[in-house]
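**Q** Sequence and predicted structure are below.
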There are 2 protein chains.
Amino acid sequence: MKKGNTLFFKTRPRIRSYAAICGSKEREGVIGEYADITLSDDMYGESTYEKAECKMLSNAISLAVEKGALTDGDIDVMLSGDLLNQIISASFAARDFQFPFLGLYSACSTMSESMLLAAALIGGGFARNCVAATGSHFASAERQYRYPLELGCTRPPQSQWTVTGAGACVISADVGDIAILNATLGRVRDWGVSDVNNMGAAMAPAAADTLIRHFKDTGEQPSDFDMIVTGDLGALGSRILKDLMWEKGYDISPNHVDCGEMIYKVIEDEFQGGSGAGCSAVVMNSYIFTKMSAGLYKRVLFAATGALLSTVSSGQGESIPCISHAVELLSLSNGNGAAP
Amino acid sequence: MKKGNTLFFKTRPRIRSYAAICGSKEREGVIGEYADITLSDDMYGESTYEKAECKMLSNAISLAVEKGALTDGDIDVMLSGDLLNQIISASFAARDFQFPFLGLYSACSTMSESMLLAAALIGGGFARNCVAATGSHFASAERQYRYPLELGCTRPPQSQWTVTGAGACVISADVGDIAILNATLGRVRDWGVSDVNNMGAAMAPAAADTLIRHFKDTGEQPSDFDMIVTGDLGALGSRILKDLMWEKGYDISPNHVDCGEMIYKVIEDEFQGGSGAGCSAVVMNSYIFTKMSAGLYKRVLFAATGALLSTVSSGQGESIPCISHAVELLSLSNGNGAAP
């Protein structure tokens, strides 16, 4: 059930249901019509950005549970984390529910970490229905990691834009038309990048490390997949990843997509695309799972990437350690393109 | 393999080895002679408190792996988190190793969360050797959560003292003389306590909730245990827990101990004892596991508690949501009191 760093789930846990909520900037892109709720005001009726972020996460979870025709009592555990200090969005969202909570932190790779652990709990027979969820908010991330919005700081060209949004899915033992076949555990990689505005460059080596180990452990090739989805490398980071993979003999360019690249209508001169834990959470739990449910994408490898820095570590001169957890998904839909 | 919120590990994963490092104040207490390394200078030769905290964690992990007669290549995954923003101690410690890393955040209940997940991965057949580890540092916690030390703020009588220390254990499929029988998942409980200096009162309801669900799920009674160990409720929080349990028909007073109460020589007029993720990590991975290995304690229920607040959530007027994950341990030693 394990080879190298890859866990194989013989019982094939399923994505039973999923939901995504995104902000006003995000709804203008490709995912706008696939998200369950799109906000016109990113405050979401709350008094602070942080409370708005928590509300998105909590509502995405409620929606996913409801869409799976389940009630709170059916959920064995919720696995979640987010970018805010002490993952308050996840912890406070968990307060809204009666089911247990396992708090995670893996920066922007939280979506794949939570899916991996949920699949392992189900595969091991310890759970039947788990919630995997995460989210982020542009304004709360700017305030915490960068500068107050009111300062109006300019953004360097290599920077990305934290996604306002949350995504959640219910992973179940036997119901659902997308199966989780296996998952590859991430290792911390740090190639010495210390530019906090260039997360794509920092994270690309972690993604390459995980993808290569995945291919070695499973015996698969990039061409076996309809899509190899990274989380939020952005345009520059995606180019670096493709180069790194090419050097090791893997050509992922025909079928690689990056959630950060696809979530906005990116003009690369302007910036590199989306980032944040909510980036891949929203794209996976709206556009990609919808297409997989319809059988339009059959086999998808999802490798979200996280930059494990803090303002303190960077202030103390540290470089940026990064990680990427990968999850392999297979559509069980008949592939006629009709929504099941 | 699951009943209620409790996971039952039929294969009985084992604590193969363990290690603890603690600071100068901690070594004066009961655990001083049981810790592997005790510091005379809490900077541990580093230039910042945060780097000292990370070094303790990294070295505790190395020591635990070494004491288990293993090398890094034998470890399937490390499960860890800590109190610092973006769990930088755990993430940067993970950078020191080649094995995979799953980042967790559960405040001061990280030790039991990491043990629970490690046991589930092993029980599910997805791993053979996992590291579960966490730590904290008084000075980095004060700086991040409270005031600069240089201000010399007075501490209110209900406050606790963040432990400087780290603990790690290797949990293995079949080697070791302490077995993990089962584990109960925590739920977020929030009874409206908003005093950030009174974590014990905030966390006691979460501990009570988990212990009661544990007893119901397993059919066990408090008297079945040699010890019911909470993480860092402190003196006041422990009294509240015992009262809450008594109200529900469970008398834990004969065999309840709290790592926060036992780590220092507490004079209650002064303060309530230790706290921090390192508190239960150090006590479990030194004193308690040593006594269990020697067969002096046979059956132990370990329920660490975490307060899932942040400075931002408290600043925005929120109360303190709390959680407690519990792990049931059984000594397989022959009980003659000799170290195996």
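**A** Great, that's in hand. Numbering: from 1, shown residues only, chains lettered A, B, ... in the order given.
**Q** can you tell me which residues contact the residue of chain A found nearest chain B?
**A** Minimum separation of chain A from chain B (C-beta to the nearest C-beta) falls at residue A:124, amounting to 2.2 Å. In short, each C-beta sits where N, CA and C put it, glycine included. Contacts of residue A:124 were listed using C-beta atoms under 8 Å, 6 or more residues apart in numbering or on different chains, and they are B:1, B:120-121, B:123-126.
**Q** can you do 7 Å?
**A** Taking C-beta atoms under 7 Å, 6 or more residues apart in numbering or on different chains as the contact definition, residue A:124 lies against B:120, B:123-126.
**Q** from memory residue A:149 sits against residue A:142, does it?
**A** Yes: at 5.6 Å, residue A:149 and residue A:142 qualify as touching, with contact defined as C-beta atoms under 7 Å.
**Q** and residue A:127, that one's in a helix?
**A** No: residue state for residue A:127 (DSSP: H, G, I helix; E, B strand; the rest coil) corresponds to coil; a helix is not indicated.
**Q** Phi and psi next, for the closest residue to it other than its chain neighbours.
**A** Nearest residue to residue A:127 in three dimensions, chain neighbours excluded: residue A:76, at 3.8 Å (C-beta to C-beta, 6 or more residues apart in numbering or on different chains). For residue A:76, the backbone dihedrals are phi -80, psi -40 (criterion: degrees, to the nearest 10).
**Q** tell me the contacts of residue A:76?
**A** Shown here is residue A:76, whose contacts under the criterion C-beta under 7 Å, 6+ apart are A:99, A:127-130.
**Q** could you dump the residues you listed to a markdown table with pLDDT and neighbour count?
**A** Converted to a markdown table, the contacts of residue A:76 look like this (pLDDT from 0 to 100; neighbours: other C-beta atoms under 10 Å in any protein chain shown):
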| residue | pLDDT | neighbour count |
| --- | --- | --- |
| A:99 | 98 | 22 |
| A:127 | 98 | 27 |
| A:128 | 98 | 18 |
| A:129 | 98 | 23 |
| A:130 | 98 | 30 |
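**Q** ok, back up a step: more neighbours: residue A:149 and residue A:142, which one.
**A** residue A:142 (18 against 12; other C-beta atoms under 10 Å in any protein chain shown).
**Q** and residue A:43, what does it touch?
**A** If a contact means C-beta under 7 Å, 6+ apart, then residue A:43 has residue A:52 as its contacts.
**Q** State the distance from it to residue A:61.
**A** Relative to residue A:61, residue A:43 is positioned 20 Å away (criterion: C-beta to C-beta, to the nearest Å).
**Q** and if you look at residue A:68?
**A** The separation that residue A:68 has from residue A:61, given C-beta to C-beta, amounts to 11 Å.
**Q** So if I had to pick from those two, which one is more boxed in?
**A** Between residue A:68 and residue A:61, counted using other C-beta under 10 Å, the more crowded position is residue A:61 (30 against 23).
**Q** Could you verify my assumption that the more buried one touches residue A:134?
**A** No: at 10.3 Å, residue A:61 and residue A:134 do not qualify as touching, with contact defined as C-beta under 7 Å.
**Q** Can you give me the neighbour number for residue A:179?
**A** 18.
**Q** now do residue A:35
**A** As a burial measure, residue A:35 scores 26 neighbours (other C-beta under 10 Å).
**Q** what does residue A:49 give?
**A** For residue A:49, the number of neighbouring residues by other C-beta under 10 Å comes to 23.
**Q** Chain B contacts on the stretch 151-300 of chain A?
**A** By C-beta under 7 Å from any C-beta of the partner chain, the part of the stretch 151-300 of chain A that sits against chain B consists of A:185-188, A:190.
**Q** for these, which one is nearest residue A:38?
**A** Set against residue A:38, the nearest of these by C-beta to C-beta is residue A:186 (30.8 Å).
**Q** quick one on the thing from earlier: how about the contacts of residue A:124, which pair is most distant?
**A** The largest distance within the contacts of residue A:124, taken as C-beta to C-beta, falls between B:120 and B:125 and amounts to 10.6 Å.
**Q** Need the CA coordinates for the helix or strand hosting residue A:89. CSV is fine.
**A** In the assignment (DSSP states H and E), residue A:89 maps to helix A:88-95. What follows is helix A:88-95, C-alpha atoms only, in CSV (Å, rounded to 0.1, in the frame of the first residue of the first chain):
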residue,chain,number,x,y,z
ILE,A,88,-7.8,30.9,12.6
SER,A,89,-10.0,30.6,9.5
ALA,A,90,-10.0,26.8,9.8
SER,A,91,-10.2,26.7,13.5
PHE,A,92,-13.1,29.2,13.7
ALA,A,93,-14.9,27.5,10.8
ALA,A,94,-14.5,24.2,12.7
ARG,A,95,-16.3,25.8,15.6
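**Q** which helices and strands does it pack with?
**A** In terms of contact count using 3 or more C-beta pairs under 7 Å, 6 or more residues apart in numbering or on different chains; DSSP states H and E, helix A:88-95 is assigned the packing partners helix A:49-67, strand A:77-82, strand A:101-103, helix B:311-315.
**Q** Now with 8 Å, please.
**A** helix A:49-67, strand A:77-82, strand A:101-103, strand A:129-136, helix B:311-315 (3 or more C-beta pairs under 8 Å, 6 or more residues apart in numbering or on different chains; DSSP states H and E).
**Q** which other residues reach that helix?
**A** A:50, A:53-54, A:57-58, A:61, A:78, A:80-82, A:101, A:103-104, A:133-135, B:187-188, B:190, B:308-310, B:312-313, B:318, B:321, B:323.
**Q** try it again with 7 Å
**A** Applying C-beta under 7 Å, 6+ apart, the contact partners of helix A:88-95 are A:50, A:53-54, A:57-58, A:61, A:78, A:80-82, A:101, A:103, A:135, B:188, B:190, B:308, B:310, B:312-313, B:321.
**Q** Just tell me which of the helices and strands packed on helix A:88-95 ends up closest to residue A:212.
**A** Nearest to residue A:212, of all those, is strand A:129-136, at 24.6 Å by C-beta to C-beta.
**Q** between the helix or strand that comes right after that closest one and strand A:77-82, how big is the angle?
**A** Helices and strands here follow DSSP H and E; after strand A:129-136, the next one along the chain is helix A:138-145. Angle of helix A:138-145 versus strand A:77-82, following axes from the mean of the first three to the mean of the last three C-alpha atoms, to 10 degrees, is 70 degrees.
**Q** pLDDT of helix A:138-145, averaged?
**A** Here helix A:138-145 scores 95 as its mean pLDDT.
**Q** Which elements pack onto the very next helix or strand once past that helix?
**A** On the C-terminal side of helix A:138-145, the closest following helix or strand by DSSP H and E is strand A:161-162. For strand A:161-162, the helices and strands in contact under the criterion 3+ C-beta pairs under 7 Å, 6+ apart are helix A:138-145, strand A:274-275.
**Q** most packed of those?
**A** The highest average neighbour count among those, using mean count of other C-beta atoms under 10 Å in any protein chain shown, belongs to strand A:274-275 at a mean of 34.
**Q** tell me which strands and helices that one is in contact with?
**A** Helices and strands touching strand A:274-275, by 3+ C-beta pairs under 7 Å, 6+ apart, are strand A:161-162, helix A:259-263.
**Q** Redo the ones you listed as TSV? Include mean pLDDT and mean neighbour count.
**A** TSV is the format used below for those (pLDDT from 0 to 100; neighbours: other C-beta under 10 Å):
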stretch	mean pLDDT	mean neighbour count
strand A:161-162	94	25
helix A:259-263	94	28
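**Q** Looking at these, which is nearest to residue B:222?
**A** strand A:161-162 (47.3 Å).
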